[in-house]
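> Everything below, folded, please.
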Amino acid sequence: MGTFKIIYLTGLGIGSIIRVIYTKSRRSNTGGQTRRESVFVFLFMIVWGVSQILALLYCVSNRLSFADYLLPIWLQWIGACLYAVSIVLLWRSHADLRHNWSAILQIKQNHSLIKSGVYKYIRHPMYAAHLLWSLAQALLLANWLAGPLALVAMIGFVSLRVPCEEQLMLERFGKEYREYKRHTGSLFPRFID
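Residues are numbered from 1 along each chain as shown. Predicted coordinates:
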């Protein structure tokens, strides 16, 4: 098993632990408003999940080697750095969001607008983390099935999910959210106010 496969598997383990910890902590805050999502959001989520299974298969076997491509080592190391940043951002966004996090589009009963921590700079750091993760995966795992498929799926998912989430937040927090939007970027920090 190569260095970049080990890096990927290590990050997958850490990212999974982060999700498990924060998924358990969110169950205590139920109720509120839930928004139905497009079937395409679920399809992109399924494709992303499949891409993670393919990545795991690629790392532990040679079954997908027919779809390998060549990448310069320096580009794979950039992927490793992006992967580390994505995992830290994933953890930080969960930690800052605390009990407000939900895997579905939902405003919880005691939902509050988080504007501190990483949310001081961007409104959707968890989606940014997943986009970085997917880009890193494409650079770490030089295989058409195990690498870029995740990025394609995540771009589709985020492009559909973010506008729906923004609308839900505007409905719940109104003027406060509009003001928050003026000072923050959606997926990347806004440097000019």
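
> Quick one, grab the pLDDT at the residue nearest to residue 7 when sequence neighbours are not counted.
In this structure, residue 7 finds its nearest non-sequential neighbour in residue 80, 5.1 Å apart by C-beta to C-beta, 6 or more residues apart in numbering. Bear in mind the C-beta positions are built from the backbone N, C-alpha and C, glycine included. The model reports residue 80 with a pLDDT of 97.

> Would you mind giving both backbone torsions of residue 80?
Phi and psi for residue 80, reported as degrees, to the nearest 10, are phi -60, psi -40.

> for the chain, what helix or strand is lowest in average pLDDT?
strand 33-34 (a mean of 65; mean pLDDT, DSSP states H and E).

> Not counting residues beside it along the chain, what's closest to the residue nearest the centre of the chain?
By C-alpha atoms, centre = their mean, the mean C-alpha position of the chain lies nearest to residue 130, the distance being 2.3 Å. Counting by C-beta to C-beta, 6+ apart, residue 130 lies nearest to residue 154, which is 5.3 Å off, once chain neighbours are set aside.

> for the one you found, what are its contacts?
Neighbour list for residue 154: 44, 48, 130-131, 133-134 [criterion: C-beta atoms under 8 Å, 6 or more residues apart in numbering].

> Turn the buried ones among those residues into a named PyMOL selection, would you?
Per 16 or more other C-beta atoms under 10 Å, the buried members of those correspond to this PyMOL selection:
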select buried, resi 44+48+130+131+133+134
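
> Quick check: the farthest pair among the contacts of residue 154?
By the measure C-beta to C-beta, 44 and 133 form the most distant pair in the contacts of residue 154, at 14.5 Å.

> Check the gap between residue 162 and residue 62 for me.
38 Å (C-beta to C-beta, to the nearest Å).
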